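J.: Mind looking at a prediction? Sequence and model below.
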Amino acid sequence: MEDQPASLYVISMPQFLFLKDLRKELLSLQGFTELRDKIQRDPATYTEYTLTPDFILHKGRIWLPSNSSFIKPLLEEFHQSLTGGHMGIQKTLHRL
């Protein structure tokens, strides 16, 4: 029997380190806690929203209140970075 070379398999997964800080911020924002409480009381009225243990999802995406400090950095990261997409961030940020 021939010796078989050793193989190494690596799984690479993105680590979104900001999520811990985002969770903490959301719990301190009144808009987030109010909407979360409304959805919990009457989920049939909020059919486009889903509650997870840490977030409110709107149509499958993390919902952020308009006063979240994460909006601008996330838009910049996912619209201006080399891997993020397109350079259309300036018009979006000016409307915030």
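T.: Yes, it's here.
J.: number of nearby residues for Leu26?
T.: By other CB atoms under 10 Å, 21 other residues sit near Leu26. Quick note: C-beta positions are derived from backbone N, CA and C, even for glycine.
J.: Equivalent analysis for Lys72, please.
T.: 13.
J.: three-state assignment of it?
T.: Under DSSP: H, G, I helix; E, B strand; the rest coil, the three-state class of Lys72 is helix.
J.: same question, Arg23
T.: Taking three-state DSSP, the label given to Arg23 is helix.
J.: tell me the strands in this protein, going along the chain?
T.: Applying DSSP state E to the chain gives strands spanning 49-51, 56-58, 61-62.
J.: For Leu35, which of those strands is the nearest?
T.: Leu35 lies closest to strand 56-58 among these, at 6.0 Å (CB to CB).
J.: list the helices and strands the closest one packs on?
T.: helix 30-41, strand 49-51 (3 or more CB pairs under 8 Å, 6 or more residues apart in numbering; DSSP states H and E).
J.: With mean neighbour count as extra columns, can I get those in a markdown table?
T.: A markdown table is the format used below for the helices and strands packed on strand 56-58 (neighbours: other CB atoms under 10 Å):
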| stretch | mean neighbour count |
| --- | --- |
| helix 30-41 | 13 |
| strand 49-51 | 15 |
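J.: Minimum distance to Ser68: which of those has it?
T.: helix 30-41 (8.0 Å).
J.: Next one: the residue sitting nearest the centre point of the chain from Ile11, what distance?
T.: Residue closest to the average C-alpha location in the chain (CA atoms, centre = their mean): Ile62, at 4.6 Å. Distance, Ile62 to Ile11, by CB to CB, to the nearest Å: 24 Å.
J.: list the contacts for the residue nearest to the centre of the chain?
T.: Residues in contact with Ile62, defined by CB atoms under 8 Å, 6 or more residues apart in numbering, are 22, 55-56.
J.: Next: Val10.
T.: Listed by CB under 8 Å, 6+ apart, the contact set of Val10 is empty.
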